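Q: what's the 3D shape of this:
(chains A and B)
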Number of protein chains: 2
Amino acid sequence: MSMTKIPHRLYLTEEQMPKQWFNLRAAMPQQPDPLLNPATLQPLGTADLAPIFCEELARQELDGATPYVDIPEPVQEVYKMYRPSPLIRAYALEKALGTPARIYYKFEGNNTSGSHKLNSAVAQAYYAKQQGLTGVTTETGAGQWGTALSEACAYFGLSCDVYMVKCSYEQKPFRKAVMGVFDAQVTASPSNTTQVGRQILAENPGTTGSLGCAISEAVEAALASGGTKRYVLGSVLNQVVLHQSIIGLETKLAMEQLDEYPDVVVGCAGGGSNLGGLIAPFMADKLQGRSHTRFVAVEPASCPSLTRGRYAYDFCDTGHVTPLARMYTLGSGFIPSANHAGGLRYHGMSPILSKLYHDGYMEAVAYEQSRVFEAAVFFAKHETILPAPESAHAIRGAMDEALKCKQTGEAKTILFGLTGTGYFDMTAYESYLSGRMTDTIPTDEDLQRGFDSLPAIPQNRM
Amino acid sequence: MSMTKIPHRLYLTEEQMPKQWFNLRAAMPQQPDPLLNPATLQPLGTADLAPIFCEELARQELDGATPYVDIPEPVQEVYKMYRPSPLIRAYALEKALGTPARIYYKFEGNNTSGSHKLNSAVAQAYYAKQQGLTGVTTETGAGQWGTALSEACAYFGLSCDVYMVKCSYEQKPFRKAVMGVFDAQVTASPSNTTQVGRQILAENPGTTGSLGCAISEAVEAALASGGTKRYVLGSVLNQVVLHQSIIGLETKLAMEQLDEYPDVVVGCAGGGSNLGGLIAPFMADKLQGRSHTRFVAVEPASCPSLTRGRYAYDFCDTGHVTPLARMYTLGSGFIPSANHAGGLRYHGMSPILSKLYHDGYMEAVAYEQSRVFEAAVFFAKHETILPAPESAHAIRGAMDEALKCKQTGEAKTILFGLTGTGYFDMTAYESYLSGRMTDTIPTDEDLQRGFDSLPAIPQNRM
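A: Here you go, the predicted model:
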């Protein structure tokens, strides 16, 4: 570590901002397993993806070889409007914990979407515009991705159809209003506007929806647009991890300026995009033998895809309209407990992170939500930032690593990703503060019901 | 202007951050009129203020002579946790408007309070702690000040009693929840916990409260604490304008790095703290003949204290427990229309700004709220930041200055203050987007009723 005083917040200058994304797959000794066409069980090509995804995004999705990808100038132009994000030294948190560890966090919440999601939304909207499309369709759960995409589409002049999981739509009306400011068309999912939505409603009229179901509707809406729209997704996909590498690249540059390198990198894991982006350049160092950094994925105990899921081929959605991806999954039929407030409710996990975890390059840990909110409130009081519940998983993980250092006396350098702010999650905070929040961990039977929804294909019988 | 490319966002480094506040009064050729004791009508001394205000803050309130005031180290330490705030070049807005003007804004919304209010909250909480107090009392309207003070009190380990205007308390439950995260005690005002609250409720049981009334309750609660607590206020006061000078000082340093100087500075004006802080060092240049910059205060047409108010001695609160300040005021009995959603509802105005306006150093303009929200949505779509309704007044003013430049072809440098974000104001945005928002301008009779509440003292018969 440098002997000079490390500032509380380090911002790169505009010139120092990365001009290329980094493709972590290019550094992996073994590639993630390929996406499969569910009908033929054959690996997908860009032609298969073209009806769903923008061309360039389909290309990025399947390209595991190119290590660096130029960030288009217009995307850089938008990045400059809200980036670089600060790398923050958590002096107050360190002091409150009494730890010898040095804690850093990369804060992605200082933009209107309230999270890192804007990094990929801007890229995806740009490629859609470039291809001459009139708009895009997507799903949103907590609303961060929908907001980010709405912003990006308003900027590039595209229409934006958002299928919002019904329970979020009803519990977070203000998220819908924010998207409305950016002219997005927001529909509660499941809806009567799609075939898959009508089918799900017919089978289960009282359903409050799920991310997997909203994905199905958004994909169908894109396919039904007569080629004028495509579907875009805010996490899980390889292309999204590529775009989110901006987080890790900026972090690495900033840490180099401080003469620092992380011993441990901690991030929350829902679909994996933030964690994949944050760790990308550091993981490459480890894969190539240049470091021994530990990587810790933190997930909710109520939706434990890495810690209790299966590494199997699965659909990315409930309606089974997407390709099959090999990933850690609870099964597309798994539904987290309704009392789970902390986000990260997706049944699967980025195939890149799944592969790294499977091959032993990454650890995973699961926390119950009350411990996560305890960390969130502690962090807010000391660092004055109110974190998103999702981000608070990473805080919990980082705090526990720092407390381990307190016991051992080790002055480790801990880095975590603070993905966003919790201004639209106050109902969950109120539930925690009033003592009404309970924890639910799925039983083995709950998990089995999810696993029973895995596709019965030869690849899953390996 | 420099020929080098001006970045989208400029952050000072931690070392460049100001270590002193700037006291604008010290540069004024004539001082604002002194605060008066309402009982004796004599100018107040620090001893008069000591029961209400922290000692050091009372001293700052009355000190018009000291030009620079050291920012205490612990306050600097907290400033470093969320400052410097960025100076942003509004390239996208300029392009969208087609203006030759160069537009800059200083964005104070990137902290959990969502506004510039934290700058003074940290200072006031620190001085309270330093004096050995156990806590502070205050009022909040929209909730930004209450949130900021809660954060600051949690950091310094003080209790925080917030009297929140009842209509805000009911319309913005999430604001209350955020303050709860920081352990603040939030009471809807008027309440039964104070004598003045009980009296107001007895006279008008259905009242939804006002800022002036909440101030009365908070002052009474401090006075009733047996000396363990003091009252703190987030705007209007000289001490607050002093603390907020950090905004203008950072802005001036950043603009110097860009070889820029504003031709026009625009800010929203409620109590005047953000505007006073932003303009402070630039106004000093003008007062001392070093520039001809124009200063424009923007206020809501429904609460037009500068453009339609009287320059008179008035109480700062409805219950008449505060000192008398000479300021532009609509009378403490003035109540803005209930349909006014844009904040800035205070009947008075900073005595410093009032004096500058009265002496012709500053202009003022009033906008109806629908035009303000129109600017807010336009700004959000192009600059991707969702502004607070209060801040949107400044956006409207700056946009109109830029459009004037478009007509004249002048490439002026326009600076405005973007004080905060609008995440807790989505009800107002929804009202605007759905076409339900209406404008109400007080009639002369409405104003007269407010003026009738002005104290009938010799000073007001001048």
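
Q: what sits against A:Gln76?
A: A:17, A:19 (C-beta atoms under 8 Å, 6 or more residues apart in numbering or on different chains). All C-beta spots, glycine's among them, are computed from the backbone N, C-alpha and C.

Q: residues from the stretch 301-450 of chain A in reach of chain B?
A: A:377, A:380-386, A:421, A:423-424, A:426-427, A:429-430, A:433 (C-beta under 8 Å from any C-beta of the partner chain).

Q: Which single residue in the stretch 301-450 of chain A comes nearest to chain B?
A: In the stretch 301-450 of chain A, no residue comes nearer to chain B than A:Met426, which is 3.9 Å away by C-beta to the nearest C-beta.

Q: still on that earlier bit, list just the nearest of the residues of the stretch 301-450 of chain A next to chain B to B:Leu447.
A: A:Tyr423 (36.6 Å; C-beta to C-beta).

Q: Give me the distance between that closest one and B:Thr112.
A: 8 Å (C-beta to C-beta, to the nearest Å).

Q: my guess is A:Leu249 is in a helix, correct?
A: Yes: counting by DSSP: H, G, I helix; E, B strand; the rest coil, A:Leu249 is located in a helix.

Q: That one contacts A:Ala280, doesn't it?
A: Yes: here A:Leu249 reaches A:Ala280: they are 7.3 Å apart, a contact under C-beta atoms under 8 Å.

Q: okay, and the common contacts of those two?
A: Joint contacts of A:Leu249 and A:Ala280 (C-beta under 8 Å, 6+ apart) are A:Phe22.

Q: A:Tyr423 and B:Thr112: which is more packed in?
A: Using other C-beta atoms under 10 Å in any protein chain shown as the criterion, A:Tyr423 and B:Thr112 rank with B:Thr112 on top: 24 against 19.

Q: ok, the closest residue in space to that one that isn't next to it in sequence - contacts?
A: Nearest residue to B:Thr112, sequence neighbours excluded (C-beta to C-beta, 6 or more residues apart in numbering or on different chains): A:Leu386, at 4.5 Å. Going by C-beta under 8 Å, 6+ apart, A:Leu386 touches A:376, A:380, A:421-423, B:112, B:178, B:181.

Q: what residues does the stretch 1-150 of chain A put near chain B?
A: Proximity of the stretch 1-150 of chain A to chain B, by C-beta under 8 Å from any C-beta, involves residues A:7-9, A:11, A:13-15, A:77-78, A:80-82, A:88, A:91-92, A:110-112, A:114, A:118.

Q: Give me the buried subset of the residues you listed.
A: For the residues of the stretch 1-150 of chain A next to chain B, a neighbour count by 16 or more other C-beta atoms under 10 Å in any protein chain shown gives the buried set as A:7-9, A:11, A:14, A:77-78, A:80-82, A:88, A:91-92, A:110-112, A:114, A:118.

Q: Filter those down to just the ones in strands.
A: Counted as lying in strands by DSSP state E, out of these, are A:9, A:88.

Q: Could you tell me which of the buried ones among the residues of the stretch 1-150 of chain A next to chain B belong to helices?
A: A:77-78, A:80-82, A:91-92, A:118 (DSSP state H).

Q: pLDDT for the residues you listed - can I get that in JSON lines?
A: Converted to JSON lines, these look like this (pLDDT from 0 to 100):
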{"residue": "A:Glu77", "pLDDT": "96"}
{"residue": "A:Val78", "pLDDT": "97"}
{"residue": "A:Lys80", "pLDDT": "97"}
{"residue": "A:Met81", "pLDDT": "96"}
{"residue": "A:Tyr82", "pLDDT": "96"}
{"residue": "A:Tyr91", "pLDDT": "97"}
{"residue": "A:Ala92", "pLDDT": "97"}
{"residue": "A:Leu118", "pLDDT": "98"}
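
Q: Rebuild those residues as TSV, extending it with distance to B:Arg290.
A: Shown next, in TSV, are those (distance: C-beta to C-beta, whole Å):
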residue	distance to B:Arg290
A:Glu77	36
A:Val78	38
A:Lys80	32
A:Met81	33
A:Tyr82	35
A:Tyr91	39
A:Ala92	40
A:Leu118	41
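
Q: wait, which of those residues is closest to chain B?
A: A:Lys80 (4.1 Å).

Q: Can you tell me the closest non-neighbouring residue to that closest one?
A: B:His8 (4.1 Å).

Q: before we move on, the earlier item: which residues are in contact with each of A:Tyr423 and B:Thr112?
A: Common neighbours of A:Tyr423 and B:Thr112 (C-beta under 8 Å, 6+ apart) are A:386, B:178.

Q: Other residues contacting the lowest-mean-pLDDT helix or strand in chain A?
A: When the helices and strands of chain A are scored by mean pLDDT, DSSP states H and E, helix A:166-171 comes last with a mean of 88. For helix A:166-171, contacts defined as C-beta under 8 Å, 6+ apart pick out A:140-143, A:175-176, A:186, A:188-190, A:207-209, A:338, A:427.

Q: Figure out the helix or strand that the spatially closest residue to A:Ala341 that is not a sequence neighbour lives in.
A: Distance criterion C-beta to C-beta, 6+ apart; nearest residue to A:Ala341, sequence neighbours excluded, is A:Ala428 at 3.6 Å. For A:Ala428, the element it lies in under DSSP states H and E is helix A:426-433.

Q: Can I get that helix in CSV, CA atoms only?
A: Output of helix A:426-433 as CSV, limited to C-alpha atoms (Å, rounded to 0.1, in the frame of the first residue of the first chain):
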residue,chain,number,x,y,z
MET,A,426,-38.3,1.6,1.9
THR,A,427,-41.2,-0.8,2.4
ALA,A,428,-38.6,-3.5,3.0
TYR,A,429,-36.6,-1.3,5.3
GLU,A,430,-39.7,-0.5,7.3
SER,A,431,-40.5,-4.1,7.6
TYR,A,432,-37.0,-4.7,9.0
LEU,A,433,-37.0,-1.7,11.3
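
Q: how about A:Gln144, what does it touch?
A: Residues near A:Gln144 by C-beta under 8 Å, 6+ apart: A:113-115, A:117, A:234, A:388, A:420.
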